[in-house]
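Asker: Predicted coordinates and the sequence they were generated for:
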Amino acid sequence: MLKILNRIIGITGKYKTRIRASYITSFFKGIMMKAPLIICFIAISLFMENRMDEAKCLYLGLAMILSVVLEAILEHLTNILQSAAGYMVFADLRLKLGDHLRKLPMGYFTEGNIGKISSVLATDMAFIEENCMGVLSELVSFIISQGIMVAMMFVMDIRMGALAVLVVIVFIIIGNLMLRMSLKHSVIKQEASESLTEEVLDFAEGIAIIKSYNMLGDKSQRLSNEFEKSCKESIDFEMAYGPWSRALYLAFGIGTAAMLAMAAFLYNAGEISNSYMVGMALFLFDMFVAIKSYYAQMARLTVTDASLDRIEEVFEAKELADVGKRALDGVMEETEIEYDNVSFGYTEKDVLRNVSFKVNHGEMTALVGPSGGGKSTIASLLARFWDIKDGRILVDGQDVREVSLGSLMDRISMVFQRVYLFQDTIYNNIAIGRPDATREEVVEAAKKARCYDFIMELPDGFDTVIGEGGASLSGGEKQRISIARCILKDAPIVILDEATASVDADNERAIQEAISELCRNKTLLVIAHRLKTIRDADRILVINDGKIVESGDHTQLMEMDGMYAHMVALQS
Ligand code: ADP
């Protein structure tokens with residue numbers, strides 16, 4: 001119990017004191033909850049012993065009202081301190097998680113962790129926020145209430161007290177066994193839920209491919225299997241949990257009956273008075289309610305333990321070092337890029353080996369070569385999606401690892417082949433490029449990116465909301481919106497994954513015009529698939545098997561009559 005409470009307290013950050021204060025209010029609430037019973041007991045004793053008078057009756061009545069009012073006030077205070085703080089804790093934690101995810105290398109997202117992130121955000125955090133924060137301090141009141149009941153038994157008769165302690169011990173043994181089992185199953189259950197989320201995301205994202213390759217049956221089968229697995233884990237959990245929960249009920253019934261039997265026995269033997277016997281009847285059905293409720297709530301908290309493990313796991317993923325880094329400085333107009341003996345591998349195996357080249361300010365460098373050679377990898381390393389193994393990548397003479405990620409990303413615009421648009425208005429999708437831009441600037445960027453005309457034909461123009469992933473626009477239109485974003489951002493370096501291969505002729509022309517606008521006066525790194533578009537590049541690097549195998553402008557490379565000349569011949 002203390003371990004889980006401490007772990008939960010551990011994530012409460014600046015709200016720690018509030019949560020701790022709620023334990024104190026809850027402690028007194030626990031006492032107040034039992035106060036009416038005790039007052040009743042005193043009143044009955046006084047009546048039965050003929051010692052009740054008007055004044056005592058009045059005082060007891062007032063005490064009863066006071067205890068009920070105090071309990072309500074303490075309950076209210078506990079809620080304010082604890083439940084409200086719970087929501088604030090998780091609002092902060094989600095922001096912290098967002099910040100953390102931003103600093104993780106891209107590899108983290110491609111290694112099958114998307115399901116985990118979704119589960120942590122949608123299931124684990126929501127579960128703790130809604131179910132646990134509210135019950136933390138209740139646990140304190142349950143313990144206090146149970147303590148008071150046992151103490152009352154000792155007041156009546158030491159044997160009654162001893163029996164109550166015995167029943168509580170039985171509860172503790174059964175309850176702890178139940179918690180251990182619940183903990184084991186909750187980990188398995190959560191894992192099944194994570195892999196189900198992964199499968200659902202995979203199915204939803206790949207639905208077009210799945211349909212076009214007629215894989216609906218196969219994929220649905222996998223999805224059904226995951227649902228069945230998740231369902232089975234839930235049933236297993238209930239099956240394993242059920243007997244223990246019944247055992248607790250049984251202990252409750254037998255314990256209560258034993259208390260009554262002992263009281264009757266002692267009463268018959270003349271060892272306890274009439275008033276105590278009546279008091280006993282009064283307490284009887286409330287005798288072990290607190291400890292029973294305590295374990296019911298604790299079983300929910302064991303799921304919390306597993307959820308906290310998973311939340312911590314995501315937080316433990318190693319961020320790209322970015323703390324305390326200075327901003328990239330230097331004169332914007334002088335932007336140049338240098339790769340100095342760069343080696344890199346996604347795994348142990350090197351994908352790039354000793355790559356060195358320089359892109360001068362305002363120049364265009366094209367990366368060409370066979371698929372899988374390492375072109376995209378070279379480009380993504382500039383934006384520090386991953387950290388390199390050896391060598392240095394310099395922007396304006398500064399190592400990208402030595403400057404803050406934010407300032408580096410301010411210098412770079414990237415146009416990818418695969419465009420992602422958010423489920424938001426077209427306006428906001430473009431404005432992401434520079435959130436402080438005016439409406440005029442956004443419209444101007446759209447015009448330069450040749451988007452304006454088709455945007456104005458949409459029902460709400462710039463305020464049209466596009467579907468998730470940009471579903472209601474054509475591939476070329478999405479591409480142009482992503483270029484408008486970059487034009488608005490106006491970063492001095494542009495990385496372009498040449499993306500016109502899969503669009504029609506009209507779109508291709510419009511995209512080329514948009515790209516020309518974007519690239520004006522920029523330092524360019526272009527991943528080229530079609531060689532005719534990069535003929536005018538200042539420098540062409542032929543990348544094969546992670547190495548630069550040829551380097552020069554178009555004429556030089558043609559004269560070399562090597563791999564580039566061969567590729568040009570093939571394409572023409
Ligand atoms: P290109 O852009 O020239 O087609 P890439 O840079 O995409 O080449 O790939 C270079 C090598 O790195 C390939 O062997 C590819 O399989 C591997 N690779 C690319 N991306 C990843 C990744 N995220 N994780 C592991 N390996 C990758």
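Answerer: Everything's here; your move.
Asker: near the ligand, which residues of the stretch 251-400 of the chain?
Answerer: Proximity of the stretch 251-400 of the chain to the ligand, by CB under 6 Å from any ligand atom, involves residues 346, 351, 371, 372, 373, 374, 375, 376, 377. Heads up, the C-betas are built off the backbone N, CA and C, glycines and all.
Asker: which residues does the residue nearest to the fifth one when sequence neighbours are not counted form a beta bridge with?
Answerer: Distance criterion CB to CB, 6 or more residues apart in numbering; nearest residue to residue 373, sequence neighbours excluded, is residue 543 at 4.4 Å. Under the criterion DSSP bridges, residue 543 forms beta bridges with residue 548.
Asker: what sits against residue 543?
Answerer: Neighbouring residues of residue 543 by CB atoms under 8 Å, 6 or more residues apart in numbering: 367, 368, 369, 373, 374, 375, 378, 549.
Asker: same question, residue 11
Answerer: If you count contacts by CB under 8 Å, 6+ apart, residue 11 has them with 89, 93, 308, 311.
Asker: and the residue nearest to the spatial centre of the chain, how far is that from the ligand?
Answerer: Central residue of the chain (CA atoms, centre = their mean): residue 121, 3.2 Å from the mean position. As judged by CB to the nearest ligand atom, to the nearest Å, residue 121 and the ligand stand 23 Å apart.
Asker: Which positions in the protein make contact with the ligand?
Answerer: Residues of the chain lying close to the ligand (CB under 6 Å from any ligand atom) are 110, 346, 351, 371, 372, 373, 374, 375, 376, 377.
Asker: buried subset of those residues?
Answerer: Neighbour counting by 16 or more other CB atoms under 10 Å classes 351, 373, 374, 375, 376, 377 among the residues of the chain next to the ligand as buried.
Asker: how many neighbours does residue 265 have?
Answerer: Residues near residue 265, counting by other CB atoms under 10 Å, number 12.
Asker: Counting by contacts, list what the helix or strand containing it packs against.
Answerer: Per DSSP states H and E, residue 265 falls inside helix 216-268. On a contact count with 3 or more CB pairs under 8 Å, 6 or more residues apart in numbering; DSSP states H and E, helix 216-268 meets helix 158-205, helix 274-284, helix 289-316.
Asker: Mind putting the ones you listed into a markdown table with mean neighbour count, distance to residue 410 and mean pLDDT?
Answerer: Formatted as a markdown table, the helices and strands packed on helix 216-268 follow (neighbours: other CB atoms under 10 Å; distance: least, CB to CB, whole Å; pLDDT from 0 to 100):
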| stretch | mean neighbour count | distance to residue 410 | mean pLDDT |
| --- | --- | --- | --- |
| helix 158-205 | 17 | 30 | 86 |
| helix 274-284 | 18 | 70 | 85 |
| helix 289-316 | 19 | 26 | 84 |
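Asker: want to throw these into a markdown table with distance to residue 512?
Answerer: Shown next, in a markdown table, are those (distance: least, CB to CB, whole Å):
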| stretch | distance to residue 512 |
| --- | --- |
| helix 158-205 | 29 |
| helix 274-284 | 86 |
| helix 289-316 | 42 |
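Asker: For residue 54, find the nearest of those helices.
Answerer: Across the helices and strands packed on helix 216-268, residue 54 has its closest neighbour in helix 274-284 (19.8 Å, CB to CB).
Asker: For that closest one, what is the distance to the chain centroid?
Answerer: Here helix 274-284 is found 53 Å from its chain centre; the criterion is CA atoms, centre = their mean, to the nearest Å.
Asker: ok, now stretch 243-263?
Answerer: In terms of CA atoms, centre = their mean, the centre of stretch 243-263 is set 42 Å apart from its chain centre.
Asker: CA atoms of that stretch as PDB?
Answerer: Below are the C-alpha coordinates for stretch 243-263, written out as PDB (Å, rounded to 0.1, in the frame of the first residue of the first chain):
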ATOM      1  CA  PRO A 243     -12.700 -16.400  -6.000                       C
ATOM      2  CA  TRP A 244     -10.600 -14.000  -3.900                       C
ATOM      3  CA  SER A 245     -13.200 -11.400  -3.900                       C
ATOM      4  CA  ARG A 246     -15.800 -14.000  -2.800                       C
ATOM      5  CA  ALA A 247     -13.400 -15.100  -0.100                       C
ATOM      6  CA  LEU A 248     -13.300 -11.600   1.200                       C
ATOM      7  CA  TYR A 249     -17.100 -11.600   1.300                       C
ATOM      8  CA  LEU A 250     -17.100 -14.900   3.100                       C
ATOM      9  CA  ALA A 251     -14.600 -13.600   5.700                       C
ATOM     10  CA  PHE A 252     -16.900 -10.600   6.100                       C
ATOM     11  CA  GLY A 253     -19.900 -12.800   6.700                       C
ATOM     12  CA  ILE A 254     -18.100 -15.300   9.000                       C
ATOM     13  CA  GLY A 255     -16.300 -12.600  10.900                       C
ATOM     14  CA  THR A 256     -19.500 -10.600  11.600                       C
ATOM     15  CA  ALA A 257     -21.300 -13.800  12.700                       C
ATOM     16  CA  ALA A 258     -18.400 -14.800  14.900                       C
ATOM     17  CA  MET A 259     -18.500 -11.400  16.600                       C
ATOM     18  CA  LEU A 260     -22.200 -11.700  17.200                       C
ATOM     19  CA  ALA A 261     -21.800 -15.300  18.600                       C
ATOM     20  CA  MET A 262     -19.000 -14.100  20.900                       C
ATOM     21  CA  ALA A 263     -21.100 -11.200  22.100                       C
END
